[in-house]
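> no FASTA, just this:
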């Protein structure tokens, strides 16, 4: 039975069988609501030919979602004691992301980030409370200092985000860049003397689970778009290549991400920071593939005010970015020989070239992705020196 109050002390990094908890899984599912809202508004912006504006808003909103998720994930890996207070504060964070999700439409369409800011503030202040609680129970002075630095940094940067609400619209891109860098500097500063005891296997599992959920949202969004196109426009012939190509892209993305043991890259705090921060690109591009598939569907049935080339690029560009970012973050460390190393970069380039294949672009990209997996499996099977099965 869950206890009301337990000491919030650091867990051991050597703890065996450290796995995601039901609360963490629930946390992820609720965060995907916000991811879906950001993707839907990106679709609307690009379909209305407001591509640059839509991408900027998507980058800002997705950063808020991802950063709040990531901070909770690493904190929970080190300090989850599963008492009643911990659960309640985590549920408050979930409420915050739902508030943020409710403000996504206004942020995109009216450039009003107030509701997004409020939701983000709820999440961040709840996390600061958790860090202060951990500091209260810490017995090591260095650990206590680390926890207090986290809490202070989170609160200080949260005040800085007010500028995004109050500043004139032309300045918001630069404000976002500065504040995003400030956010990412907080963990580096907080842990410079004493690192938190996050668990490598647990972190790798948590990131993997969120990747699965984002890819699942991509499948769901694309499926609904294809279904609507068939029902409303009787356009099965136009939509079938998009459906098949999109499915192949998502299947290949899953295969490529999980084909190597990611936890083997998490050998130090420095590697942890690089790997964890780099997943912003992986998550954002994976979610953007789903948005791109919706855009391709809308364009094929005449509901999007963009060219076939632009609609194709909405799928191929994030797909290529996903492949490259997975390769850069961890896949390349498990490749043996130049042939294995070239598979993902060459595949990313080939998928970009598929942009010019007209109405067959998405299908061509999906076939390239499937061929990428097949090539990787073949090369791995032929090379006994490979450390782990790699695509």
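In hand now; what should we look at? These numbers were taken from a predicted model, which means no experiment stands behind them. Residues are numbered from 1 along each chain as shown.
> So which residues of the stretch 151-300 of the chain form helices?
Ranges of helices in the stretch 151-300 of the chain, per DSSP state H, counting those that start in this stretch, are 162-166, 172-190, 200-233, 236-258, 269-300.
> Out of the ones you listed, the one nearest residue 50 is which?
Closest of these to residue 50 is helix 269-300, at 12.2 Å (criterion: C-beta to C-beta). Glycine gets a C-beta too; all of them are placed from N, C-alpha and C.
> List the buried residues in the closest one.
269, 272-273, 275-277, 279-300 (16 or more other C-beta atoms under 10 Å).
> I'd like the next helix or strand past that helix.
With elements assigned by DSSP states H and E, the helix or strand that comes after helix 269-300 is helix 308-329.
> Report the inter-axis angle for that next one versus helix 236-258.
10 degrees (axes from the mean of the first three to the mean of the last three C-alpha atoms, to 10 degrees).
> and the next helix or strand after helix 308-329, what does it pack onto?
Once the chain leaves helix 308-329, the next helix or strand it forms, by DSSP H and E, is helix 338-353. Under the contact criterion of 3 or more C-beta pairs under 8 Å, 6 or more residues apart in numbering; DSSP states H and E, helix 338-353 touches helix 308-329, helix 361-382.
> Give me the buried positions along the first one.
When you say that, I think you mean helix 308-329. For helix 308-329, the buried set under the neighbour-count rule, 16+ other C-beta under 10 Å, comprises 308, 310-329.
> In JSON lines, list the helices and strands packed on helix 338-353 along with distance to residue 236 and mean pLDDT.
JSON lines is the format used below for the helices and strands packed on helix 338-353 (distance: least, C-beta to C-beta, whole Å; pLDDT from 0 to 100):
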{"stretch": "helix 308-329", "distance to residue 236": "18", "mean pLDDT": "95"}
{"stretch": "helix 361-382", "distance to residue 236": "14", "mean pLDDT": "93"}
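> I'd like those helices laid out as a markdown table, including distance to residue 348.
A markdown table is the format used below for the helices and strands packed on helix 338-353 (distance: least, C-beta to C-beta, whole Å):
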| stretch | distance to residue 348 |
| --- | --- |
| helix 308-329 | 4 |
| helix 361-382 | 9 |
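> how far away is residue 24 from residue 96?
For residue 24, the distance to residue 96 (C-beta to C-beta, to the nearest Å) stands at 16 Å.
> now swap in residue 346 and tell me
The spacing between residue 346 and residue 96, counted by C-beta to C-beta, is 42 Å.
> more neighbours, those two?
Just comparing residue 346 and residue 96: by other C-beta atoms under 10 Å the higher neighbour count belongs to residue 96, 23 against 15.
> Report the inter-axis angle for the helix or strand bottoming out on mean pLDDT in the chain versus helix 269-300.
The helix or strand of the chain with the poorest confidence is helix 200-233; it has a mean of 86 (mean pLDDT, DSSP states H and E). Using the same axes, to 10 degrees, the direction of helix 200-233 lies 10 degrees away from that of helix 269-300.
> which other helices and strands contact helix 200-233?
In terms of contacts (3+ C-beta pairs under 8 Å, 6+ apart), helix 200-233 is packed against helix 22-47, helix 51-79, helix 236-258, helix 269-300.
> Return the distance of the first one from the chain's centre.
Spelled out, it's helix 22-47. 10 Å (C-alpha atoms, centre = their mean, to the nearest Å).
> for that helix, packing partners?
Using 3+ C-beta pairs under 8 Å, 6+ apart, helix 22-47 sits against helix 51-79, helix 84-102, helix 104-109, helix 200-233, helix 269-300.
> Just to check, residue 241 is in contact with residue 362?
Yes. Counting by C-beta atoms under 8 Å, residue 241 touches residue 362, with 6.3 Å between them.
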